[in-house]
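Peer 1: I would like to see how this sequence folds:
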Amino acid sequence: MSAPSSILLSPEDNVAVATVAIEPGEALPGGQKSAARIEAGHKAAIRPIPAGDPVVKYAQAIGRATRDIAAGEHVHSHNLAFDEDRLSIGAPVPPEAASAADRARTFLGYRRADGRAATRNYVGIIASVNCSTTVCRAIAEEANRRILPRYEGIDGFVPIVHDQGCGMSSSGDGMKNLHRTLAGYARHANFGGALMVGLGCEVNQLTLYGQSGSGAEKRHFNIQEAGGSRRSVERALGVLEEIAKEVATARRVPIPVSEIIVGLQCGGSDGLSGVTANPALGAAVDILAGAGGTAILSETSEIYGAEHLLRSRAVNEAVAVKLDGLISWWENYVEMHGASLDNNPSPGNKRGGLTTILEKSLGAVAKGGRSPLTAVYNYAERVTEHGLVFMDTPGYDPVSATGQVAGGANVIAFTTGRGSCFGCRPAPSIKLTSNTALYRAMEEDMDIDCGVIASGEATIADLGRQIFDLIIDTASGRKTKSELFGYGDNEFVPWHLGATL
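Peer 2: Predicted coordinates:
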């Protein structure tokens, strides 16, 4: 049998989602027929929706009809608008218990001296300030050319550079964010060693970053003290030679799957993201969390409208209250800047069928599966709890993923419906497409086609298992498509808060 051209996600819904382009007169769920051409990922009314009534998808309101909508009509920005209402929900349905076999699984990773588990073995060259960015890039380029070929055990030398570190207050949220982020990268398990380079006169002084271990006093310096840019490069190569000798001795060993920490991302979403790729990733998260691993859900501005679903799954009231506080902060933050959280979705999201932030958020939350919410963290805060956790970040993918990696994510799983290209060294990034057309168009960038769910070739559970297996394989050293192309040197983007002075 051929796959249906549209699907109803929940019996309570009054719209169906087109899995392929639907022509006028084609059948819809419930016996209705399409009144117009409806593109894949877009919505069609399966019964009349009076003006002012909620439009329901995922059994949740995604907005209100701005005029009467006839059965079979295309439902999108021309007749649907954002509304603050949330529909009531029942008790959360927990995931199935993890099997003994899943709990016993291991991956081949690196065991660091402090006990943490790594999935890669990089060396980082970290800029404390924008002014040392060019030198850090030059150091990484020379180290990859002159040192790396002699040490097969090292994955590469990675420049961690950014546009902050000076022209900002030495206190406040902006500096706290930057400090947590850089400190998180400097200690990240996927860096077997790191060198931090400053200019010398910046606000973000190297003395703020205490380093431990043998030779720590040699693993940071300022360009001004080194005698300029060229001398800094040569000095750095001498330090990196010593670091390389140590890092190259690391070998992969079996490590429990419970020590995998996955950062969950979605970018360039479309109307099928919440139908295929996101719930499939959620199914993988439930397996990982059940086996004792950790998944970090983020992008606070893109769970807005679905936060009540996460709140209902909080393990205690303190976790729920902290999540509430993040939502309130974001409402005040965007209002202060004359914006609205419903400015999201992006134009590309809307072309893919997403209409309101509520619809986008309900689909985005599906990445977290059905597991209990065990903790809520600030941006770039070190993640210590296991299971599904939430980290406060913007919805902009490079900023969000940067916070997750700073918090300890050693793998990134990234869903996309429009074709986001992304890497996040030192953490490998797995790309999951929501539709088969995208996978075929950009197969060299994408790791798994979740569009087979919409075509009926596989179930969400099937893809969840496939993603879980790929996470383990990736943690064990299998290179992702993003890694093979070379992504990851330019996606480090700390969240910039506060005034530029």
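Peer 1: residues near T500, how many?
Peer 2: Neighbour count of T500, defined by other Cβ atoms under 10 Å: 11. C-beta coordinates here come from the backbone N, C-alpha and C atoms, glycine included.
Peer 1: which SSE is it in?
Peer 2: Using DSSP states H and E, T500 is not contained in any helix or strand.
Peer 1: got a pLDDT number for L208?
Peer 2: Here, the pLDDT recorded for L208 equals 88.
Peer 1: same question for S212.
Peer 2: Note for S212: predicted pLDDT of 42.
Peer 1: cool, G215 as well?
Peer 2: We have a pLDDT of 41 for G215.
Peer 1: this structure: helices as residue ranges?
Peer 2: 100-103, 133-146, 173-186, 223-226, 229-247, 277-290, 307-311, 317-336, 347-351, 357-365, 397-406, 436-441, 460-475, 481-485 (DSSP state H).
Peer 1: could I get these as JSON lines with mean pLDDT?
Peer 2: Listed next are these as JSON lines, based on pLDDT from 0 to 100:
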{"stretch": "helix 100-103", "mean pLDDT": "96"}
{"stretch": "helix 133-146", "mean pLDDT": "98"}
{"stretch": "helix 173-186", "mean pLDDT": "95"}
{"stretch": "helix 223-226", "mean pLDDT": "96"}
{"stretch": "helix 229-247", "mean pLDDT": "97"}
{"stretch": "helix 277-290", "mean pLDDT": "96"}
{"stretch": "helix 307-311", "mean pLDDT": "92"}
{"stretch": "helix 317-336", "mean pLDDT": "95"}
{"stretch": "helix 347-351", "mean pLDDT": "86"}
{"stretch": "helix 357-365", "mean pLDDT": "89"}
{"stretch": "helix 397-406", "mean pLDDT": "97"}
{"stretch": "helix 436-441", "mean pLDDT": "96"}
{"stretch": "helix 460-475", "mean pLDDT": "97"}
{"stretch": "helix 481-485", "mean pLDDT": "97"}
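Peer 1: of those helices, which is nearest G30?
Peer 2: helix 357-365 (20.0 Å; Cβ to Cβ).
Peer 1: output the helices of the chain as CSV; include the columns mean neighbour count and distance to E84.
Peer 2: Output for those, formatted as CSV (neighbours: other Cβ atoms under 10 Å; distance: least, Cβ to Cβ, whole Å):
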stretch, mean neighbour count, distance to E84
helix 100-103, 12, 40
helix 133-146, 19, 43
helix 173-186, 21, 27
helix 223-226, 17, 51
helix 229-247, 17, 52
helix 277-290, 28, 23
helix 307-311, 20, 12
helix 317-336, 15, 10
helix 347-351, 16, 20
helix 357-365, 28, 9
helix 397-406, 26, 24
helix 436-441, 18, 33
helix 460-475, 21, 30
helix 481-485, 17, 38
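Peer 1: tabulate the ones you listed (a markdown table), appending distance to P24.
Peer 2: Listed next are these as a markdown table, based on distance: least, Cβ to Cβ, whole Å:
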| stretch | distance to P24 |
| --- | --- |
| helix 100-103 | 47 |
| helix 133-146 | 55 |
| helix 173-186 | 51 |
| helix 223-226 | 66 |
| helix 229-247 | 62 |
| helix 277-290 | 29 |
| helix 307-311 | 35 |
| helix 317-336 | 40 |
| helix 347-351 | 20 |
| helix 357-365 | 24 |
| helix 397-406 | 37 |
| helix 436-441 | 21 |
| helix 460-475 | 30 |
| helix 481-485 | 38 |
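Peer 1: nearest to Q205, of those?
Peer 2: Smallest distance to Q205 across the helices of the chain (Cβ to Cβ): 10.5 Å, for helix 173-186.
Peer 1: list the contacts for R137?
Peer 2: P159, V161 (Cβ atoms under 8 Å, 6 or more residues apart in numbering).
Peer 1: cool, I296 as well?
Peer 2: For I296, the contacting residues are I261, V262, G263, L264, Y377, V383, V389, F390, M391, Q404, G407, A409, by Cβ under 8 Å, 6+ apart.
Peer 1: looking at those residues, which are in strands?
Peer 2: Members of the contacts of I296 lying in strands (criterion: DSSP state E): I261, V262, G263, L264, Y377, V389, F390, M391.
Peer 1: hmm, V383 and the last one touching each other?
Peer 2: The reference is to M391. Yes. When contacts are counted by Cβ atoms under 8 Å, M391 is listed as touching V383 (7.2 Å).
Peer 1: these two: which has the busier surroundings?
Peer 2: A side-by-side neighbour count of M391 and V383, using other Cβ under 10 Å, places M391 first with 26 against 21.
Peer 1: just the pLDDT for A499.
Peer 2: Looking at A499, its pLDDT reads 82.
Peer 1: my guess is it meets D173, correct?
Peer 2: No. Using Cβ under 8 Å as the test, A499 is too far from D173 to be in contact (10.7 Å).
Peer 1: count the residues that sit near Y396.
Peer 2: Neighbour tally, Y396, other Cβ under 10 Å: 16.
Peer 1: quick one on the thing from earlier: pick the one among the ones in strands among the contacts of I296 closest to S476.
Peer 2: For the ones in strands among the contacts of I296, the minimum distance to S476 (Cβ to Cβ) is 14.0 Å, reached by V262.
Peer 1: and I126, what is it in contact with?
Peer 2: I126 neighbours (Cβ under 8 Å, 6+ apart): C136, I160, L182, Y185, A186, A194, L195, M196, V197.
Peer 1: thought S400 was touching Q265?
Peer 2: Yes. If you go by Cβ under 8 Å, S400 and Q265 touch, sitting 6.3 Å apart.
Peer 1: mutual contacts of M391 and V383, please.
Peer 2: Shared contacts of M391 and V383, counting by Cβ under 8 Å, 6+ apart, come down to I296, Y377, G407.
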